[in-house]
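1. Sharing a sequence plus its predicted fold:
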Amino acid sequence: MDKLTELSYSLDTFYFLMSGVLVMWMAAGFAMLEAGLVRAKNTTEILTKNVALFAIACVMYLLMGYQLMYPVEAVNSFWPGFGFLLKDENTKEAVLASNGETYYSTLADFFFQVVFVATAMSIVSGAVAERMKLWAFLLFSVVLTGFIYPLQGFWKWGGGFLHESGFLDFAGSGVVHLCGASAALAGVLLLGPRRGKYGLNGVINPIPGCNMPLATLGTFILWMGWFGFNGGSELKISDIGEANSVAMVFVNTNLAAAGGVIAALLTAYLLYGKADLSMTLNGALAGLVSITAEPLTPAPILATVIGAVGGVLVVFAIIFMDKVKIDDPVGAISVHGVCGIWGLLAVCLSNPESTLKAQLLGLVTILGFVFITSFITWLIIKTVFGIRVSEEDEYNGVDLSECGMEAYPEFTVEGSKH
Amino acid sequence: MDKLTELSYSLDTFYFLMSGVLVMWMAAGFAMLEAGLVRAKNTTEILTKNVALFAIACVMYLLMGYQLMYPVEAVNSFWPGFGFLLKDENTKEAVLASNGETYYSTLADFFFQVVFVATAMSIVSGAVAERMKLWAFLLFSVVLTGFIYPLQGFWKWGGGFLHESGFLDFAGSGVVHLCGASAALAGVLLLGPRRGKYGLNGVINPIPGCNMPLATLGTFILWMGWFGFNGGSELKISDIGEANSVAMVFVNTNLAAAGGVIAALLTAYLLYGKADLSMTLNGALAGLVSITAEPLTPAPILATVIGAVGGVLVVFAIIFMDKVKIDDPVGAISVHGVCGIWGLLAVCLSNPESTLKAQLLGLVTILGFVFITSFITWLIIKTVFGIRVSEEDEYNGVDLSECGMEAYPEFTVEGSKH
Amino acid sequence: MDKLTELSYSLDTFYFLMSGVLVMWMAAGFAMLEAGLVRAKNTTEILTKNVALFAIACVMYLLMGYQLMYPVEAVNSFWPGFGFLLKDENTKEAVLASNGETYYSTLADFFFQVVFVATAMSIVSGAVAERMKLWAFLLFSVVLTGFIYPLQGFWKWGGGFLHESGFLDFAGSGVVHLCGASAALAGVLLLGPRRGKYGLNGVINPIPGCNMPLATLGTFILWMGWFGFNGGSELKISDIGEANSVAMVFVNTNLAAAGGVIAALLTAYLLYGKADLSMTLNGALAGLVSITAEPLTPAPILATVIGAVGGVLVVFAIIFMDKVKIDDPVGAISVHGVCGIWGLLAVCLSNPESTLKAQLLGLVTILGFVFITSFITWLIIKTVFGIRVSEEDEYNGVDLSECGMEAYPEFTVEGSKH
């Protein structure tokens, strides 16, 4: 039956690669979402950041991250040790000799994992938009993707102490989304709000995004890519049980997003009397983040409800952030942080193997570790190079100061100079 | 050979899920196409509608539609009866015991089917753009996706009387596209044309779309997604014959779109002396809709011709609609209705099992049933809540009245106030 | 084991079809990239060209190209002879009798190949943007996709003399990218630069693209599609060795793009002191083109370096082209030509079966043959119909003269009239 094992290996590898392509596509989703939600004068810069961070994430994860996160032999359950550059030793002989334990290409696994790192980093770029220095951001992305992300990732997915504690996080509400949001929060706190966002006497000035079709496109791209993100995290599809599981993950992922959309649309309507598109888009993402920690065990109707709760949460979280003057232009901390936490807790609603204690341990560990290490990293960068552009550059837009190029040079831009 | 059956099941399930992802992506295609073809002042609202209708379609199809369309045991061939919420009983034992009859996950089937419902509903949103109340539209989408679509879908794909009559509709020129177009036509007739579209003495004022790159992107997305739409409708890929069939469907789908593009481009050029991009894009979609009822049996060259005829038809259909003052801002009724009908008839060109009688029966049934039930639904909504925004709101754009948010707040908008 | 052979055939066919879908998607990538990098007044026309050329490529390749490139029996290794229309004779019996030689559907192969032709032609459209007559371009696309591309493709991939010489070109740095760039160069030389691009005393006037989010989206789409382009070119995935190879191709393709991004970003920063988004995007594409001739044998770190060298090369190539007044609005000749050449030579860095001599033979043959035949074709079209729009039409934008339709009719357009 060797040929059968080979075919099975091929199918699982192909499934991994296709899932990876879908997750890679999420990089475009974040780029479009963020470009749509900032002002025209800051668009080129956020696009540049999104392209560059993806490239940096891929190279840093090759050089450092993958070995750190998935060590051949870990030193202990807190520190994986350093390994060396990627190599694939999955020869035919090795695979067949493994009796089915090695069931897909290591390289396919690397490809799938590397696009996850980039996702975590993409979350940060939106939150610090419109006022951060480009090179400070890219420097931080080197540290997050090469060290911070892989280390906490090792604790869960690499078999470290969070895994041993029984902490459950199927596709990364915590490891990816809460991680990204925690790093973003640290950056935003050190960076401060955009000029003019918060006025006297608690006045909050809305700064609308300049291109809503782009933001909508980005959301649809992320929704699509999430089928790879969650669907691929089952890691195997080549028998009936696994195939059914992957299908369940697809169904639940889709329904959680749908639930998030409807809940956010209605919540915003009840609050504002309008069908608020930004909130609706964030509702979709909120639903997706919420189901990511456990998209397999809930029944479809429960998945819809978990997403819907995320959709309600995100609306109030965005309002709350503005109340406490944490200026997050795209709502990334609310979507990925608040709903990431909700997703980790919601595991207990359907997975009998979960414990609230382990979920809280994971949650606190990721939030704490990523926030603190990110804060220190941002602080060092701030002290050495500075992280915020000058007042004049912010007024004129970071596109000119950082990239020397306008995003829409021919369209008359109104009102972006505030 | 159990392991072989398992692998086969996994491959078919994976093929279904990937096809479903491509069809889900069509939601983004419709959103971009429609956002590109309306005026700037009505863009946020059409984006909101597209995101919300997709979410509603998913939830309604979970709650009602799937059980109605694919009942475990139908009451009779006209009325399926009501079933209950989705569950997956495809355990390993059940699948193996079925002797190959159960060859993919029910959940994967649900995922594939649910994105079809959303497609049908997306067709409607373009036709009623720029003047309909958002909530009236969403209310209608509840009825269409929960009841009207599944019931006529049951008649064909669920094994009802259209199926028994020999009516052939491979991937839904009728069940999906004509269905959507019929519902749209009913809505447009009750809604009336946009203000200023039709002047005195038969003058037709063109209202150009505000963002042609978006419309082009939407068309490419739909073209891509159609490989899942038609390719996945073969339902199986795990043996040589089926794999060859799926490949043929891909080739023919692509060539029909190509034929539609060339034919529409040339037709519009002969009529207007210009290479009309809107017509060219509609030509691609026309070709795709035309081949959808039978993408398997035509030789590739015939598929190209079937698409090309669709491309010619759509140009004249769009002109005709304006003549009779049916105002359809994106040409949805022409693309999906007229070419849907052509597609159903074109089955007879290549499939020896088809009969013109059965095709006409299917065509008349779907058109009649969906038009009448939709008309009644729209009429009730109109009577109770109203379906059209006020004159002032239409003048200022539905973005402000319905969503409280501009799509392009920084770009000076010229000439949209007519 | 017949059933096993069938399943293997199905998996390889499915892998081919999914790869083809990803390559087809690149058509949207080129359309968005080019639409983003031209001025607003020339956007509708370049969109029309991109949609129409894809359709023409598909039909011409069906009618002529596929038979020319992959003849059932070639006349000799220089001239394939003419075959007839596509047919699929891969019946179950034939496949099983082939003892594994026929391992995927011919139709799936056609689908995969046809989207490659369109890619080659897409490269041309960017280089001749903003001043060429639409119909002259489409006429040329008939010749390139029906004759020029397939003939040189036959020499390598169809088993012709370049293949026999030991020339290696995995996925087409030469056959596709250098081919497209050579055809573009011939066109640009006959067409001349855009008015106002080059002033007196060597002044070069930058003409910035009007929509950078679109250009970024296009780059991400191309990056995504390249996984099908390179990944599918392994042609088989159904055993352990092939699955590992496909995974390696994915990893290397991704890392080469990442290397290209980082290198181009840093190079442009060192030259201009700004993070230049256009150059960064071209860096990604440069990395992708550079790895396309050999994405399998380099170690991941070498793939990153090959891409990075491409990223540096493209920046200097773009500067050089402007120095010698070859006006290429999107940098297509630099990206696909210069990096295509680099990619062909870089094969020798990792593949022990390559020889510099054979690589140079392939390079010179493709460049020479395609440039000369394209030049003659463009010259004939120029003589008979003209290839350049009038001065007035160029000033007002080709959208109005060629398509009769603006791309952004409501956005005030500033500064595009120069």
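-> Looks like it arrived, so ask away. Numbers count the residues shown, from 1 in each chain, chains lettered A, B, ... in the order given.
2. how far does the helix or strand of chain A with the lowest mean pLDDT sit from the chain's center?
-> In chain A, no helix or strand scores lower on mean pLDDT, DSSP states H and E than helix A:92-97, which sits at a mean of 87. Centroid separation between helix A:92-97 and its chain, computed with C-alpha atoms, centre = their mean, to the nearest Å, is 35 Å.
3. Repeat that for stretch A:55-73.
-> Counting by C-alpha atoms, centre = their mean, stretch A:55-73 is centred 17 Å from the centre of its parent chain.
4. Report whether that stretch contacts chain C.
-> Yes: Stretch A:55-73 is in contact with chain C by C-beta under 8 Å from any C-beta of the partner chain, via A:55, A:56, A:58, A:59, A:62. For the C-beta atoms, the positions are set from N, CA and C on the backbone; glycine is no exception.
5. Can I get the residues you listed in a markdown table including secondary structure and pLDDT?
-> Converted to a markdown table, the residues of stretch A:55-73 next to chain C look like this (DSSP: H, G, I helix; E, B strand; the rest coil; pLDDT from 0 to 100):
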| residue | secondary structure | pLDDT |
| --- | --- | --- |
| A:55 | helix | 98 |
| A:56 | helix | 98 |
| A:58 | helix | 96 |
| A:59 | helix | 95 |
| A:62 | helix | 91 |
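6. picking that back up, give me the helices and strands touching the least confident helix or strand of chain A, please.
-> helix A:2-37, helix C:240-272 (3 or more C-beta pairs under 8 Å, 6 or more residues apart in numbering or on different chains; DSSP states H and E).
7. Which of the ones you listed sits closest to residue A:400?
-> Residue A:400 sits nearest to helix C:240-272 of all the helices and strands packed on helix A:92-97, at 12.9 Å, using C-beta to C-beta.
8. Can I get the helix or strand following that closest one in CSV? Just the C-alpha atoms.
-> Next helix or strand after helix C:240-272 toward the C-terminus (DSSP states H and E): helix C:277-291. Extracted in CSV, the C-alpha atoms of helix C:277-291 (Å, rounded to 0.1, in the frame of the first residue of the first chain):
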residue,chain,number,x,y,z
LEU,C,277,6.2,52.1,-3.5
SER,C,278,6.4,51.7,-7.3
MET,C,279,9.9,50.4,-7.0
THR,C,280,8.9,48.1,-4.2
LEU,C,281,6.1,46.6,-6.2
ASN,C,282,8.3,46.2,-9.1
GLY,C,283,10.8,44.5,-6.8
ALA,C,284,8.2,41.9,-5.9
LEU,C,285,7.6,41.2,-9.5
ALA,C,286,11.3,41.2,-10.3
GLY,C,287,11.9,38.6,-7.7
LEU,C,288,9.1,36.4,-9.0
VAL,C,289,10.3,36.7,-12.6
SER,C,290,13.9,35.9,-11.5
ILE,C,291,13.0,32.6,-9.8
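9. Quick one: work out the angle between helix C:277-291 and helix C:240-272.
-> Put simply, helix C:277-291 runs at 150 degrees to helix C:240-272, going by axes from the mean of the first three to the mean of the last three C-alpha atoms, to 10 degrees.
10. now for the next helix or strand after helix C:277-291, which elements pack on it?
-> For helix C:277-291, the following helix or strand on the C-terminal side (DSSP H and E) is helix C:300-323. Packing partners of helix C:300-323 (3+ C-beta pairs under 8 Å, 6+ apart): helix C:240-272, helix C:277-291, helix C:339-350.
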